[in-house]
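A.B. asks: Structure of the sequence below:
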Amino acid sequence: MRTSGKTDSAQGAAGESCPLCGSADLVSVIDIPDVPIFCNVLWSSAGAARKAPRGRIALSYCPSCTHLHNRSFDPVAVQYAPDYENSLHFSDRFNTFAANLAERLVARYDLRATTIVELGCGQGDFLRMICAAGENRGIGFDPSYSDEPSAPSHSDGLDLEIRRRLFGAEDHGLRPSLVCCRHVLEHVPDPRSFIAELYSWLASRPDTTLYFEVPNARYTLEHGGVWDLIYEHHSYFTLESLVGVFQDIGFHVQASGQAFGGQYIYVEAGVSPSPVGQQPLTSEISSRDALRRNVEAFGRTFESLVTDWQQRLQEAHATGSSVGLWGAGSKGATFLNVVDPGKSVSFVVDISPRKQGKHVAGTGHRVVPPHSLLERSCDTMVVMNPLYVEEIAGMLHELGVSCRLVVP
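C.D. replies: Numbers count the residues shown, from 1 in each chain. Modelled structure (predicted):
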């Protein structure tokens, strides 16, 4: 791992200009040379998981628009299929957030008995929620969609269609009232062109609203969220860079802000001013100068956390203390690959039945269900997301399992 905080000397090469504003004056943040290309693809055997394809994260920051991106991202290597699994809808904590969001959008934009389009809908969990909330028709697009019932939010009787492919020009005849795109834009290799294409499609549809939601790069930087870095994410948006690119392309931004404990940011926009009026844009929680300081410190934070956790896990292993990790998603995969390739962590727990029995890309750690803790020792459980600590503690209490919960 290498860090610098200095302006890149090589400029103008492919991937070394900002994908939002085009500036070549970039600052190198961190370089992680060997990570799984897909954190959210699990494998049927430990051996296959350890042979998972790998790539490099060379994270750069653009002082001009505050955007961050992986300049070593290779879109050819990232092809999504039904074995890609990143749904969070098995969590009651997350489902409450998503249901509240669906109800808010339905109420704010009067989305009732109308058409909703979701780009990158996964297994259709949120699309089902917003269709049920307003008796709407839903059309989703996602090449990773599988036909199996998705999550506890799954319900029959909805007017729902999911197309297992990317949205394209052949779909421009659709006339939705809302186009929703959640946790997709950060995966797109050319986000500006993607947004511009949507603007061209919706230019004659002034009544259509866009809702985009992505991870919050400021939260990652300010809270030392080093485990948020994954190869699948080409981009890391601040609220300033997210709102800025929508406005620069021509969209009217009706609302923007933070969500889910500050871990997410969102923008609501249309090609014309909204009839419901514009909400004041949420200001960033710190200035550009503070953001730049966080960028410069991020590499040191990464190195310090990795060293600290490697020592803690080695000490636990040496003393015979059993350590588990809760969360076989992207944060967990990054933590295990960067900190614990030697498997001082004994096992990984996840509540998703689609992950249980499989193995984490890169390291081969086996994923087990929560009830397996009744049959195995666990002195310390590493919880990858602090927002889920209370929910996990409740599950462990119901199981009668006692262990110490720690957040890296």
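
A.B. asks: what separates the nearest residue in space to Arg112 that is not next to it in sequence from Tyr109, distance-wise?
C.D. replies: Excluding its sequence neighbours, the residue lying closest to Arg112 (C-beta to C-beta, 6 or more residues apart in numbering) is Gly134, at 4.3 Å. Glycine gets a C-beta too; all of them are placed from N, C-alpha and C. To Tyr109, Gly134 is 9 Å away according to C-beta to C-beta, to the nearest Å.

A.B. asks: what's the answer for Trp309, then?
C.D. replies: According to C-beta to C-beta, Trp309 and Tyr109 sit 44 Å apart.

A.B. asks: what does Tyr80 give?
C.D. replies: 29 Å.

A.B. asks: Over to Leu325?
C.D. replies: Leu325 sits at a distance of 40 Å from Tyr109 (criterion: C-beta to C-beta).

A.B. asks: Between the two, point out the one with more neighbours.
C.D. replies: Using other C-beta atoms under 10 Å, the more surrounded residue of Leu325 and Tyr109 is Leu325, with 26 against 22.

A.B. asks: max-length helix in the protein?
C.D. replies: The single longest helix within the chain, with elements called by DSSP state H, is helix 288-318.

A.B. asks: next structured bit after it?
C.D. replies: Under the assignment DSSP states H and E, the closest C-terminal helix or strand after helix 288-318 is strand 323-326.

A.B. asks: what distance separates that next one from the middle of the whole chain?
C.D. replies: Relative to its parent chain, strand 323-326 has a centroid offset of 21 Å by C-alpha atoms, centre = their mean, to the nearest Å.

A.B. asks: Can you give the strand pairings for it, parallel or anti for each?
C.D. replies: strand 347-349 (parallel), strand 380-383 (parallel) (DSSP bridges).

A.B. asks: Centre of the chain to the shortest one, how far?
C.D. replies: In other words, strand 347-349. The answer for strand 347-349 is 21 Å, by C-alpha atoms, centre = their mean.

A.B. asks: May I see the buried residues of it?
C.D. replies: Within strand 347-349, the residues that count as buried by 16 or more other C-beta atoms under 10 Å are Phe347, Val348, Val349.

A.B. asks: how distant is whichever helix or strand comes after it from the center of its chain?
C.D. replies: Downstream of strand 347-349, the first helix or strand assigned by DSSP H and E is strand 367-368. Counting by C-alpha atoms, centre = their mean, strand 367-368 is centred 21 Å from the centre of its parent chain.

A.B. asks: can you check stretch 100-119 too?
C.D. replies: With C-alpha atoms, centre = their mean as the basis, stretch 100-119 stands 22 Å off its chain's centre.

A.B. asks: contact partners of that stretch?
C.D. replies: 124, 126-127, 129-141, 167, 174-182, 184, 209, 211, 259, 276 (C-beta atoms under 8 Å, 6 or more residues apart in numbering).

A.B. asks: which among those end up buried?
C.D. replies: 124, 126-127, 129-134, 136-141, 167, 176-182, 184, 209, 211.

A.B. asks: Restricted to helices, list the residues you listed.
C.D. replies: Those of the buried ones among the contacts of stretch 100-119 lying in helices (DSSP H): Phe126, Leu127, Met129, Ile130, Cys131, Ala132, Ala133, Gly134.

A.B. asks: Kindly indicate which of those residues lies nearest Thr66.
C.D. replies: For those, the minimum distance to Thr66 (C-beta to C-beta) is 27.4 Å, reached by Phe126.

A.B. asks: For the residue nearest to the closest one when sequence neighbours are not counted, grab phi and psi.
C.D. replies: Distances taken as C-beta to C-beta, 6+ apart place Ala98 nearest to Phe126, at 5.4 Å, with adjacent residues excluded. Dihedral pair for Ala98: phi -70, psi -40, per degrees, to the nearest 10.
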